[in-house]
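**Q** Structure here, sequence nowhere to be found:
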């Protein structure tokens with residue numbers, strides 16, 4: 001049994017854990033806007049491209065041409081389902097290799113026609129099923145990381161909900177990486193982390209706090225560049241305002257990176273990701 005002193009000493013830690021997990025729950029909220037909801041509100045003339053020219057189309061990734069404030073761009077995003085039928089059709093936003101191969105195919109088209117790439121990340125992670133592994137899931141993700149690192153056109157990445165591990169990173173290498181205020185970004189879910197560390201998924205709130213997976217934590221650590229504010233209460237309460245705030249961020253980020261020549265942009269992008277996790281042991 002905890003003494004009163006134990007409770008007092010644990011209060012700040014428990015508060016941090018609770019706040020972190022609240023953001024996890026908001027990132028997963030069933031009414032949170034998904035990629036197509038943002039695309040409908042932010043972009044015009046969206047024309048979706050299907051298929052990876054190797055196996056088949058993957059509905060967990062949507063990709064296509066669009067106009068953003070009068071400028072031609074390419075949009076690539078994870079798409080979750082809103083109801084049971086759509087969730088199954090889109091595999092709960094967990095892409096298979098063909099989804100990532102479609103994404104990089106569309107990015108290469110963007111480079112050919114000199115169109116900036118805008119990605120919206122919202123996935124629990126890449127699909128871990130046997131069929132995905134048989135078709136080269138890890139290779140597809142690794143290939144995307146390499147190709148995005150050296151793409152000449154601007155790449156603007158925004159985590160809008162869940163940013164889960166390599167499944168997120170496979171369309172997450174960019175010149176500017178931002179997170180919506182109540183989104184999360186991590187190598188594993190807090191439930192998965194808790195099951196590994198404590199053999200108890202109920203420890204997920206503590207895992208969420210320890211993992212530093214929220215936008216404020218990741219901004220302090222230098223993993224992301226910006227936090228995009230959400231409407232009061234969260235994006236799920238006001239899709240239109242959430243889209244307006246996201247559009248303002250995208251406009252500013254594009255202006256920033258388009259001022260650089262492509263060689264400087266690639267060097268800065270590469271350096272940004274290579275420095276992640278680097279520690280100065282002499283400091």
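**A** Structure received. Because the structure is predicted, anything quoted here is derived from the model rather than measured. Numbers count the residues shown, from 1 in each chain.
**Q** how near is residue 88 to residue 109?
**A** 29 Å (C-beta to C-beta, to the nearest Å). Quick note: C-beta positions are derived from backbone N, CA and C, even for glycine.
**Q** more neighbours, these two?
**A** Legend: neighbour count by other C-beta atoms under 10 Å for residue 88 and residue 109, higher for residue 109 (16 against 11).
**Q** Is that one in a helix, a strand, or coil?
**A** Following DSSP: H, G, I helix; E, B strand; the rest coil, we place residue 109 in the helix state.
**Q** what bits of this protein have low per-residue confidence?
**A** In the predicted model of the chain, residues 1-17, 279-283 satisfy pLDDT under 70.
**Q** again, only this time at 50
**A** Judged against pLDDT under 50, the low-scoring parts of the chain cover residues 1-9, 11.
**Q** Specify the beta-bridge partners of residue 228.
**A** residue 180 (DSSP bridges).
**Q** Show the contacting residues for it.
**A** Residues in contact with residue 228 (C-beta atoms under 8 Å, 6 or more residues apart in numbering) are 158, 178, 179, 180, 181, 245, 246, 249.
**Q** And it, how close does it get to residue 192?
**A** 26 Å.
**Q** ok, back up a step: with the contacts of residue 228 in mind, which one is nearest to residue 113?
**A** Ranked by distance to residue 113 (C-beta to C-beta), the contacts of residue 228 are led by residue 158 at 22.1 Å.
**Q** which SS class is that closest one?
**A** Counting by three-state DSSP, the backbone at residue 158 sits in strand.
**Q** what about it, neighbour count?
**A** Residue 158: 27 surrounding residues under other C-beta under 10 Å.
**Q** correct me, but it touches residue 119?
**A** Yes. Look at residue 158 against residue 119 with C-beta atoms under 8 Å: they come within range, at 7.3 Å.
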